[in-house]
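K.L.:
sequence plus predicted model, see below.
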Amino acid sequence: MHKIDLNSTNNYIVLGEDQEVYMKQIAATLDILGYKAPKLISYSYVLLDGDKMSTSNGTLVLVTDFIKTLREKIQKEFENRNLECSEETLKILTNACIKYTMLNVSRNKIVNFNFDNATSFTGESAIYILYSIVRINSILRNNKYSNTTIKLTDELEYQIVKDLIEFPSLVNDLLVTSEPVLLTKYIFNLTQKFSSYYEKVNISNITDEQIKNSKLLLLEATKIVLTNGLSILGIKTIEKM
């Protein structure tokens, strides 16, 4: 009742799909008592590398062991790339990998958590997206720019701008559908476009100041949208890797 009193308009409860019948009974009881029941957001089962976890079958995986394994996997990935990873960064990345992987699946589909996919620097993962933001940060730090008239010169730039314009509408759709996967896919696709742009354009070598400034502003806008999108998902960004 306390939860309902705090916010009766936007009141949600997240449960496994096997709890739907139970929640419908609770909702009916609340209705009789004159209270508006919270909106149910249900998710399907979570598999760990294809295996279903079950207490009765003795295949239970403790959260502490799961997080420990994931942290070690991320740390190993950094070591393989000769990159440093502080404890704070490791904590942020661990949480990011869990959240992004879990939310990157439609609510009615089974989540199959694979450690390799979740920690990939090149695949559809939180680390791939966060690493791209770090790249943008590096470019912006090393180049001066100001708010002036923007001049686009590349087809890929128009594609990125088109995606950026769609972000507010996408957020509104999330409020209606309660499907975070719409946002995770959007963020990943935008990141892919940035990665293609990063490989294609060397901004530091551009001599035309207006064109260079325009490209830097485009990167800043991309960073803002990616950061805000991750924030909606409850994922923090990092400045360096």
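P.N.:
Cool, the structure landed.
K.L.:
ok, Y12 - contacts?
P.N.:
Listed by Cβ atoms under 8 Å, 6 or more residues apart in numbering, the contact partners of Y12 are 38-41, 178. In this view, the C-beta of every residue, glycine as well, is placed from N, C-alpha and C.
K.L.:
hmm, which of the residues you listed is lowest in pLDDT?
P.N.:
Across those, no position has a lower pLDDT than L40, which has 69.
K.L.:
got the contacts of Y12 as TSV, with neighbour count, distance to E77 and secondary structure columns?
P.N.:
Output for the contacts of Y12, formatted as TSV (neighbours: other Cβ atoms under 10 Å; distance: Cβ to Cβ, whole Å; DSSP: H, G, I helix; E, B strand; the rest coil):
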residue	neighbour count	distance to E77	secondary structure
P38	19	39	coil
K39	13	38	strand
L40	18	37	strand
I41	13	32	strand
S178	13	32	coil
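K.L.:
so which of these comes closest to K185?
P.N.:
Proximity of these to K185, judged by Cβ to Cβ, is greatest for S178, which lies at 15.1 Å.
K.L.:
give the contact list for the closest one.
P.N.:
Taking Cβ under 8 Å, 6+ apart as the contact definition, S178 lies against 12, 39, 41, 107.
K.L.:
on the three-state scheme, I13 is what?
P.N.:
strand (DSSP: H, G, I helix; E, B strand; the rest coil).
K.L.:
for burial, what's the neighbour tally of it?
P.N.:
Residue neighbour count, defined by other Cβ atoms under 10 Å, stands at 15 for I13.
K.L.:
where's it relative to S195, distance?
P.N.:
Separation of I13 from S195 (Cβ to Cβ, to the nearest Å): 37 Å.
K.L.:
which residues in the chain form helices?
P.N.:
Defined through DSSP state H, the helices belonging to the chain, from first to last, are 2-6, 20-33, 63-80, 87-103, 115-118, 126-141, 155-177, 181-200, 209-232.
K.L.:
out of the ones you listed, flag the one nearest E239.
P.N.:
Go through the helices of the chain one by one with Cβ to Cβ and the one that ends up closest to E239 is helix 126-141, at 5.6 Å.
K.L.:
now for D173, how many residues are close by?
P.N.:
The criterion is other Cβ under 10 Å. On that basis, D173 has 14 neighbouring residues.
K.L.:
can you pull the pLDDT of it?
P.N.:
Confidence per residue is given as pLDDT, and for D173 that number is 93.
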